[in-house]
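>>> Give the three-dimensional model of this entry:
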Amino acid sequence: RLTAGGLLESLIHPGAKLAPGYGQPKAPAEGPADATESGSAMPPMGAVLTLRELRDLIAYLLTLKEP
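All right, here's what the predicted structure looks like:
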């Protein structure tokens, strides 16, 4: 569904664009801000994966077909 650029954005900024029905923004009274504040439970992968790993992951994801 996404281009390589869209996948990269989703991996680096997972809460930037959420698919309809996913994520619930965190209320300020629920505690300190973190990755879930944007509505995504996925942490930003740019801090976890190397550039090569991000490239390889995107290449793999682009090979997947919708069921």
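
>>> Please count neighbours and contacts with C-alpha atoms only from this point.
OK.

>>> Report the secondary structure state of the residue most central in space within the chain.
Note on the chain: the residue nearest the mean C-alpha position is residue 14, at 2.7 Å, using C-alpha atoms, centre = their mean. Secondary structure assignment for residue 14 (DSSP: H, G, I helix; E, B strand; the rest coil): coil.

>>> Now do the contacts for it.
Residue 14 makes contacts with 40, 42, 43, 44, as judged by C-alpha atoms under 8 Å, 6 or more residues apart in numbering.

>>> Okay, now the unreliable bits of this structure?
Scanning the chain for pLDDT under 70 picks out the ranges 23-38.

>>> Please enumerate the helices of it.
In the chain, the segments counted as helices under DSSP state H are 4-12, 51-63.

>>> What is the shortest one packed up against?
When contacts are defined as 3 or more C-alpha pairs under 8 Å, 6 or more residues apart in numbering; DSSP states H and E, helix 4-12 sits against helix 51-63.

>>> So which bits of the helix it packs on are buried?
54, 58 (16 or more other C-alpha atoms under 10 Å).

>>> how far off helix 4-12 does that helix point, in degrees?
Here helix 51-63 runs at an angle of 120 degrees relative to helix 4-12 (axes from the mean of the first three to the mean of the last three C-alpha atoms, to 10 degrees).

>>> Show me what helix 51-63 is packed against.
Against helix 51-63 (3+ C-alpha pairs under 8 Å, 6+ apart) you get helix 4-12.

>>> rerun at 7 Å
Using 3 or more C-alpha pairs under 7 Å, 6 or more residues apart in numbering; DSSP states H and E, no helix or strand is in contact with helix 51-63.
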